[in-house]
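**Q** Fold the following and give me the result.
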Amino acid sequence: MGRSTMPVKNHGTEPLCLFIEPLCEDYWLKPDEALVLRSEAKGVDVWFDTYVRDGCITVWLYEDGDPFKVLMDYVVVDKDGTELESGYQRPGGQEFSAAGPISR
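**A** Numbering: from 1, shown residues only. Model (predicted):
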């Protein structure tokens, strides 16, 4: 993989949300499913600032770890390398806040 990628695997028994800021994009992993968050920025040392809470991993991508240099040029791919859209496998009725998913 390399420094510009972050693999994420759901080892739990419930869906897991990969939530990417600052665009509030969400990708939902089923149990035992793996996705890869990959920066598309060239020639940049990408840092993944990661926050974990029940059922959700929130990630910010920064250039050289500088929180004033947010990177928004990224893709999320599945095990076959297929690029996924935000909302991938989102459970019905799911909503969000800045802190992550909210079930209604």
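**Q** Might you report the residue contacts of residue 30?
**A** If a contact means Cβ atoms under 8 Å, 6 or more residues apart in numbering, then residue 30 has 10, 15, 89 as its contacts. Where C-beta positions appear, they are placed from N, C-alpha and C, glycine not excepted.
**Q** Would you confirm that the last one contacts residue 26?
**A** No. No contact is recorded between residue 89 and residue 26 when judged using Cβ atoms under 8 Å, the distance being 9.3 Å.
**Q** Of those two, give the one with the bigger neighbour count.
**A** Under the neighbour definition other Cβ atoms under 10 Å, residue 89 and residue 26 were set side by side, and residue 26 has more, 21 against 14.
**Q** And that one, which helix or strand is it part of?
**A** For residue 26, the host element (DSSP states H and E) is strand 25-29.
**Q** Quick one: name whatever helix or strand follows that strand.
**A** With secondary structure assigned by DSSP H and E, strand 25-29 is succeeded by strand 34-39.
**Q** what bits of this protein have low per-residue confidence?
**A** For the chain, applying pLDDT under 70 flags the ranges 1-3, 95-104.
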